[in-house]
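Enquirer: Got a sequence here, can you model it:
(2 chains)
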2 protein chains.
Amino acid sequence: MQRIVLKFGGTSVGSIEKIQNVAKIIKKKHDEGNKIVVVVSAMSGVTTDLLNKSKLISKNFDPKELDVLLSSGEQISSSLLAAAILNLGINSRSWLGWQIPIVTNDNHTTSQILKIKTAEILKFISSGGVAVVAGFQGITENERITTLGRGGSDLSAVAIAKFFETDSCEIYTDVEGVLTTDPNMYEKAKKIDKISYEEMLEMASLGAKVMQPIAVQASMIDDIPVHVRSTFSNKSGTKIVSDEDINHKKAVTGIAYSKNNAKVSIVGVIDKPGVAADIFEPIGENNINIDMVIQNTSLDGKIANITFTIKQEDLKETLSIIEKNKQKINYEKIIHNEKLAKVSIVGAGMTTSPGVTHKMFRSLANEKINILAISTSEIKISVLIQQDLTQKAVKILHEAFKLN
Amino acid sequence: MQRIVLKFGGTSVGSIEKIQNVAKIIKKKHDEGNKIVVVVSAMSGVTTDLLNKSKLISKNFDPKELDVLLSSGEQISSSLLAAAILNLGINSRSWLGWQIPIVTNDNHTTSQILKIKTAEILKFISSGGVAVVAGFQGITENERITTLGRGGSDLSAVAIAKFFETDSCEIYTDVEGVLTTDPNMYEKAKKIDKISYEEMLEMASLGAKVMQPIAVQASMIDDIPVHVRSTFSNKSGTKIVSDEDINHKKAVTGIAYSKNNAKVSIVGVIDKPGVAADIFEPIGENNINIDMVIQNTSLDGKIANITFTIKQEDLKETLSIIEKNKQKINYEKIIHNEKLAKVSIVGAGMTTSPGVTHKMFRSLANEKINILAISTSEIKISVLIQQDLTQKAVKILHEAFKLN
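Expert: Numbering: from 1, shown residues only, chains lettered A, B, ... in the order given. Alright, predicted model coming up:
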C-alpha cells in the first residue's frame, strides 16, 4: 500500500465529463489499495476569465483581493471532483488551502509554501478516504488567502509530496509526457521515458506545457521524483528524476527551440570595468529580459564588441534605450538582426561525451545553416540561426543525435 | 457618524460596470462619514450556473461539497467589489465567511447563523475602511463551509446588523421598493413607504423579489429596521419596520396574488377525529405544499366536506394519492377545479377598520367575480377566483381600498 499524490491540470478537469473521467482514474488507484491525496487545478479557462474580470476593474487590482478572486477557481473544481468521487461510492472531501492549512509567506500572487499541516488529511486517507486539495492556493499566518503564481498547482503537488512523504507524485496533463522535440516541428519526436531535473529545466521551451519550470525546480530541491503523464491514456509518461537515477546512454536528450529572437551587437565599445553594467542596467530597469550575452575583446584589449539577444518585440525599445545612453556607453555603432531562432541541444550525457559540440556545428554547416551566435551551459548548447531555418535545424539535430 | 450595513443583490453586481457603480454608491456613503459594512451576493447567474454544474455531476451532490462550490460565487463578487472600492481611493478588503468567522450550525445548504465575531471588522471600519463581507456563507465549528439557503445574503445582512448593532440596514436591489401590487397587473401600483414585518411576510408573492421572506422573519425577530431600495436610483425605497412604528391610516396596504392554483374538495367525509390527518399526511410526505384549507361540517355534524388548494402542477399527483387512500379516508367523491388564482388584501390596519371584509366581497360581487373559497388571517383576507379574472380583481380592489 502506497501513499501517492495525483495532480490534475486544468484541461484534465475542463468539463463535467472530464471531471467524471478523472474520478474514475482516482477510483482505479484507490481500488489498488493506495492512500491518495489529489491536487486539482481550476477548470481550463476559469482563471483566465477571472483575471480578465480583474483587469476590467483595475490595471492595478489589489494583489490580496486578486488572490481571493483567483483561488475561487480551484474551490469550484475541488468540490466538483470530491462530489464526483463520492458518487462512485468512495469517501472523499475537498480541502481548501486555508482548511489544511497550507501556510505561505505573504508575497501575494507569487507566494512560497512554508509548511503544510498533515494530521487531519493523513487520518482521512488512512481510513480509506480520498483527499481532494485545491491547488494553487494557501494562506498567510494572518489568514489572508494567497496564490502561488503560474504553475502553482504543480507546486502544491510537489510540496504535498514533500510534507506528506509520499511514495510518488503523478502529474496528469493533456500530453503524454516530455518529447525529444516539438512534434509540430518534427513529426518523429519521441516521448522521453526518464529526464533529469536539470535537463527538464533546460527544455523549458518544450516542457512548459508539461510542468512549470518553477515546480520542476521545487522537485529538484527536495529530490521529489515526478511522473508526468496523460489523463487521457493509460500509457506511462515521463519520469523526472535525479540525474543519478539516469543511465545516460545518449549524449543528447532533446532539442529545444525558441522563435522571435533579435540580436543586438554594440560595436567598438571601450573595454573598461563597468561598461556591461552601463549597457544592461537601463535595459533591465525597463523589464526587458536579456537571453544570450557574448563579449568579444579586441586583440589589443582596448576595444570590445558586445552582442546579446532579446525577444523580437523588445527590439525597438532596447535600441532606443541604448541610443539614449550613447554618451555614457561610448560605442562606435549598433548592428541588429531580427527574426532569429535559438535552437538548443540538451543532455546531461554531453558532459561525458566528447565531440558533441563539433558534431552539432558540423551537422548545421553541412546543411548551410549559418550560426550567428553560440552559448553553452553544462548540459546545453544553444545556437542562434535565421528563424526560417528552425524546422530544418531541429530535424537535422534530431537525426544527428539519433533521437528518432 | 453612523454604523451601517449596505447589502447588494446579484443584479446590483451583475457586471463589472455595475460593480463599479456600487463602489460609487459606497463611496458616497463613506464620504458622508459613515462606518460601513457591505454584504454582497454572487453576480447574477453565477449561483445558477454552479448549481447546474453540480446537477450534472450528481442529483445527490454532497451538501457539504455543494456549500464549498456555491460559496465561491460570493468570493468572486466580494473580491471584485473590494478592489473596485480600493480603486476609488478608499481602504477596503473582503472578508469570507470563514475569515470573520460567521459561525453557523451544520445544516448544510440551509444553515442558521449562530454568532459573528466583530472585533477585527469593527477595528477596520473605525479606521475608515470599508469591509466587504461575502454574503450567503458561514462555517461550522469544524471549519466546514456552509451556506444559508435562498435569500442567504439578506440573512447575512440582517445578522450583521444585529451583531454589529448598526444604526441601519439597507438592502439594495433592482426594484424601487415594495409596491401596493404587481405593476404588471395594474399600472397604477404605488411604492409603499413603510410596511410592517408582518405585512411584508403576507405580501411574499409581491415582496419575494425585494427581500426573501426568511430574511424578513429574521429582521422581525430581532426588530432590525430594513430599508429596501434601488441600486439604480437615488430615491428612498420601502422601510420594513415594527408595526408600532407605523401609523396605519389605511386599512389595506397592498394587494397580493398567486396564480396557478388548483382546488380539491373531498365531499362526504365521515367527520371523526384524525380524518384531516389521514388526508394531508400522505400528501405532505410527497413534498406537496397545501395552501388554504377549509372544512365545512354538515348540519348534523356527521358528514363533512374538506376543501384545500395546491399548486396546479401538483394536482394530478394529489388526486392519485387521495384515491389510493379512499378506503382509509372513507369519502363520497372528489371535486376539483383548475386554473384558479388567490387574490389577497393585506394590511395591519384592517384589525381596527371594521367593514373591510364586506367591502372586499361587495367590490368583487359588483363586477360578477365569483368567490370559490375564502381564508383569513389577522392582517390578510384571501379569496380564490377564476384565474382569468385576476387582473380585473386586483384593479377593483386596488381602487376600492384607495391605493392609487
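Enquirer: Contacts only, for the closest residue to residue A:389 other than its chain neighbours.
Expert: Ranked by Cβ to Cβ, 6 or more residues apart in numbering or on different chains and with sequence neighbours excluded, the top spatial neighbour of residue A:389 is residue A:369, at 5.1 Å. Any C-beta I mention is one placed from the backbone N, CA and C, and that applies to glycine too. The contact partners of residue A:369, by Cβ atoms under 8 Å, 6 or more residues apart in numbering or on different chains, come to A:385-386, A:389, A:392-393, A:396.
Enquirer: Can you report how many residues neighbour the residue in the stretch 201-350 of chain A that chain B sits nearest to?
Expert: Closest to chain B within the stretch 201-350 of chain A is residue A:231: 17.4 Å, counting by Cβ to the nearest Cβ. When neighbours are defined as other Cβ atoms under 10 Å in any protein chain shown, residue A:231 has 20 of them.
Enquirer: Looking at the nearest residue to residue A:167 once chain neighbours are set aside now. What's its pLDDT?
Expert: When the adjacent residues along the chain are set aside, residue A:167 lies closest to residue A:2, with 4.2 Å between them (Cβ to Cβ, 6+ apart). Each residue has a pLDDT score; the one for residue A:2 is 93.
Enquirer: Residue A:2: what's it in contact with?
Expert: A:33-35, A:166-168.
Enquirer: what's the closest of those residues to chain B?
Expert: Distance ranking of the contacts of residue A:2 against chain B, using Cβ to the nearest Cβ, places residue A:35 first at 20.5 Å.
Enquirer: Residue A:290 looks like it's in a helix, true?
Expert: No. Secondary structure of residue A:290, determined by DSSP: H, G, I helix; E, B strand; the rest coil: coil, with no helix assignment.
Enquirer: wait, what's in contact with the residue nearest to it when sequence neighbours are not counted?
Expert: With Cβ to Cβ, 6+ apart as the measure, residue A:308 is the residue that lies nearest to residue A:290, at 5.3 Å, once sequence neighbours are left out. Remark: with contacts taken as Cβ under 8 Å, 6+ apart, residue A:308 is in contact with A:263-264, A:280, A:290-294.
Enquirer: And for residue A:78?
Expert: Residue A:78 makes contact with A:40, A:94-96, A:132-134, B:68, according to Cβ under 8 Å, 6+ apart.
Enquirer: Just the buried positions in stretch A:199-215, please.
Expert: Buried residues in stretch A:199-215, counting neighbours by 16 or more other Cβ atoms under 10 Å in any protein chain shown, are found at A:199-207, A:210-215.
Enquirer: And for stretch A:3-18?
Expert: Residues of stretch A:3-18 classed as buried under the neighbour-count rule (16+ other Cβ under 10 Å) are A:3-14, A:16, A:18.
Enquirer: ok, so what distance separates residue A:122 from residue A:35?
Expert: Residue A:122 sits 8 Å away from residue A:35, going by Cβ to Cβ, to the nearest Å.
Enquirer: hang on, the earlier thing: would you list the buried entries among the contacts of residue A:369?
Expert: Using 16+ other Cβ under 10 Å as the burial test, the contacts of residue A:369 include A:385, A:389, A:392-393, A:396 as buried.
Enquirer: out of those residues, which are inside strands?
Expert: residue A:385 (DSSP state E).
Enquirer: among the buried ones among the contacts of residue A:369, which are in helices?
Expert: Within the buried ones among the contacts of residue A:369, membership in helices is found for A:392-393, A:396, as judged by DSSP state H.
Enquirer: Run a quick check on residue A:158 versus residue A:221, I expect a contact.
Expert: No. In this structure residue A:158 lies outside contact range of residue A:221 using Cβ atoms under 8 Å: 9.1 Å.
Enquirer: quick one: buried residues of stretch A:271-287?
Expert: Buried positions in stretch A:271-287, judged by neighbour count with 16+ other Cβ under 10 Å: A:271, A:275-276, A:279, A:282-283.
Enquirer: Run through who's touching it.
Expert: A:266, A:269, A:290, A:293, A:295, A:297-298, A:301-304, A:306, A:308, A:310, A:317-318, A:321-322, A:324-325, A:328-330.
Enquirer: Drop anything exposed from those residues.
Expert: A:266, A:269, A:290, A:303-304, A:306, A:308, A:310, A:318, A:321-322, A:325, A:329.
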